[in-house]
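Colleague: the following comprises the amino acid sequence and a computationally predicted model.
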Amino acid sequence: MYRIFVNDKPIILTTKVEKETNFKNFLLKDVTIDSVLETLSKKRIKAVHLIHHNEETLLKKFLKKIPNVIAGGGKVYNAKGEILFIFRNDKWDLPKGKVEGKESIEKTAIREVEEETGVKDLEIIKPLPTTYHIFKRNGKFKIKITFWFEMKTVFSGKLYPQEAEGITKVVWLDDEASKEALKNSYANIKLLI
C-alpha cells in the first residue's frame, strides 16, 4: 500500500477492495488523475482508493499517469538531538528540493538542506521512507517523489533561510516544539517525524 497526498487527503494505492464509507474506490487502470483530484476536492470524501491486482506494479502504474519530479531531503539532528525545521508557505516543513543534473539523490538531499538552511557538515545516517505528494505548477499537476534521509551535524553556526525559495524561518526544535510544529505541517512530514 502507498499513500500519495493531495494537500492532506491521501490517494491510497492498494490491492484490497473495501466497502466505501467516506472514501471512493476506483480501478487504477481505468481512472484519470483529473477524476481522482475532482473526487478528492469534495468535502465529504476523505480519501480515494486506487485498486490494482498486482502489488509489485501498483506504484509504477500510478506514476505513469502523472509527470514525476524527483527530490531529496533531510530530517537533520544536531548535537542536542533537535530537528531542523523550515517555515515556508505558512507551514512547518523539512528541507528538500529537486535533483539537479545527474547528481545522486544523497547529494541532492545534502545540497538542498545546505541551500535552504545554511547548515553544513551534514552526514547521512540512514534512508527514511519515501513520500509522495501531488502539486500544481504552471497549471499542470505533478507528483513530487521525495527520497528522505536521516542526517546529523555538529554545525552550530547561524541559520540562513533561503528566502528566494519562500523560506522565512529556519530553526532547531526539540521534541516538544517539534510536536507543536507538526500541528501546522503536511501529512507527509507527520509520517517522517
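Modeller: Okay, I see it.
Colleague: so which residues of this protein form strands?
Modeller: Under the criterion DSSP state E, the chain carries strands at the ranges 2-6, 9-14, 23-27, 47-51, 68-77, 83-88, 91-93, 96-98, 122-127, 131-137, 140-153, 167-173.
Colleague: contacting residues around the helix of greatest length in the chain?
Modeller: Across the chain, the helix with the greatest residue count (assigned by DSSP state H) is helix 105-117. Contacts of helix 105-117 with the rest of the structure, by Cβ atoms under 8 Å, 6 or more residues apart in numbering, involve 70-74, 76, 84, 86, 95-100, 103, 119-120, 122, 124, 147-149, 151, 159-162, 165, 167, 170. (Each C-beta comes from the backbone N, C-alpha and C, glycine too.)
Colleague: one step back: redo the strands of the chain as a markdown table? Include distance to Ile33.
Modeller: Listed next are these as a markdown table, based on distance: least, Cβ to Cβ, whole Å:
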| stretch | distance to Ile33 |
| --- | --- |
| strand 2-6 | 10 |
| strand 9-14 | 9 |
| strand 23-27 | 11 |
| strand 47-51 | 10 |
| strand 68-77 | 12 |
| strand 83-88 | 25 |
| strand 91-93 | 24 |
| strand 96-98 | 20 |
| strand 122-127 | 28 |
| strand 131-137 | 8 |
| strand 140-153 | 6 |
| strand 167-173 | 29 |
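Colleague: I'd like these as JSON lines, with mean neighbour count and distance to Ser41 appended.
Modeller: What follows is these, written out as JSON lines (neighbours: other Cβ atoms under 10 Å; distance: least, Cβ to Cβ, whole Å):
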{"stretch": "strand 2-6", "mean neighbour count": "20", "distance to Ser41": "9"}
{"stretch": "strand 9-14", "mean neighbour count": "20", "distance to Ser41": "9"}
{"stretch": "strand 23-27", "mean neighbour count": "16", "distance to Ser41": "12"}
{"stretch": "strand 47-51", "mean neighbour count": "20", "distance to Ser41": "11"}
{"stretch": "strand 68-77", "mean neighbour count": "20", "distance to Ser41": "22"}
{"stretch": "strand 83-88", "mean neighbour count": "22", "distance to Ser41": "24"}
{"stretch": "strand 91-93", "mean neighbour count": "18", "distance to Ser41": "20"}
{"stretch": "strand 96-98", "mean neighbour count": "18", "distance to Ser41": "26"}
{"stretch": "strand 122-127", "mean neighbour count": "13", "distance to Ser41": "33"}
{"stretch": "strand 131-137", "mean neighbour count": "17", "distance to Ser41": "12"}
{"stretch": "strand 140-153", "mean neighbour count": "19", "distance to Ser41": "12"}
{"stretch": "strand 167-173", "mean neighbour count": "16", "distance to Ser41": "28"}
